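1. Build the 3D model from these lines:
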Amino acid sequence: MKKSELKEIIKASFLAEAEDSKKGNKEEQKRMEGAIRDDRDHIKRLEKDIKDNEDKLSKLKKDEPKDVSEEMKKEMLKKVCVILTKKMMLMKL
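-> Just a heads-up that it's a prediction; the model follows:
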């Protein structure tokens, strides 16, 4: 085998290796682009979920004063009882 033939074989081997490396790089780039797209889509969904949850929280906070707690119910019942007791006492007079 001649020296020039050997050089050509080695050169071809290096070129093939470089081409494989380039191909692997391109494939990795495509995978990374896909991963970035997936992450962006996921972030958009999360942002929508956050907005929905903020809207629900806002509505709950707005409706909170309208809610009647058990303590308020008991207090109102006591007041009603006192008023009824007074009226009944006045009726007896």
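2. which regions of this structure sit below the pLDDT cut-off?
-> 1, 14-15, 18, 20, 64-68, 93 (pLDDT under 70).
3. Which element is encountered next along the chain beyond the longest helix along it?
-> Secondary structure of the chain per DSSP state H: the longest helix is helix 3-63. Downstream of helix 3-63, the next assigned helix or strand under DSSP states H and E is helix 70-92.
4. what about that following helix, distance to the chain center?
-> The chain centre lies 50 Å from the centre of helix 70-92; the measure is C-alpha atoms, centre = their mean, to the nearest Å.
5. With only the CA atoms kept, save it in PDB.
-> The C-alpha trace of helix 70-92 is given here as PDB (Å, rounded to 0.1, in the frame of the first residue of the first chain):
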ATOM      1  CA  GLU A  70     -71.500  29.700  62.100                       C
ATOM      2  CA  GLU A  71     -70.500  32.200  64.800                       C
ATOM      3  CA  MET A  72     -72.500  34.900  63.100                       C
ATOM      4  CA  LYS A  73     -75.500  32.600  62.900                       C
ATOM      5  CA  LYS A  74     -75.300  31.800  66.600                       C
ATOM      6  CA  GLU A  75     -75.000  35.500  67.500                       C
ATOM      7  CA  MET A  76     -78.000  36.400  65.400                       C
ATOM      8  CA  LEU A  77     -80.000  33.600  66.900                       C
ATOM      9  CA  LYS A  78     -79.200  34.900  70.400                       C
ATOM     10  CA  LYS A  79     -80.300  38.400  69.400                       C
ATOM     11  CA  VAL A  80     -83.600  37.100  67.900                       C
ATOM     12  CA  CYS A  81     -84.200  35.100  71.100                       C
ATOM     13  CA  VAL A  82     -83.600  38.200  73.200                       C
ATOM     14  CA  ILE A  83     -86.000  40.300  71.100                       C
ATOM     15  CA  LEU A  84     -88.700  37.600  71.200                       C
ATOM     16  CA  THR A  85     -88.300  37.200  74.900                       C
ATOM     17  CA  LYS A  86     -88.700  41.000  75.400                       C
ATOM     18  CA  LYS A  87     -91.800  41.000  73.100                       C
ATOM     19  CA  MET A  88     -93.300  38.100  75.000                       C
ATOM     20  CA  MET A  89     -92.700  39.900  78.300                       C
ATOM     21  CA  LEU A  90     -94.400  43.100  76.900                       C
ATOM     22  CA  MET A  91     -97.400  41.100  75.700                       C
ATOM     23  CA  LYS A  92     -97.900  39.700  79.200                       C
END
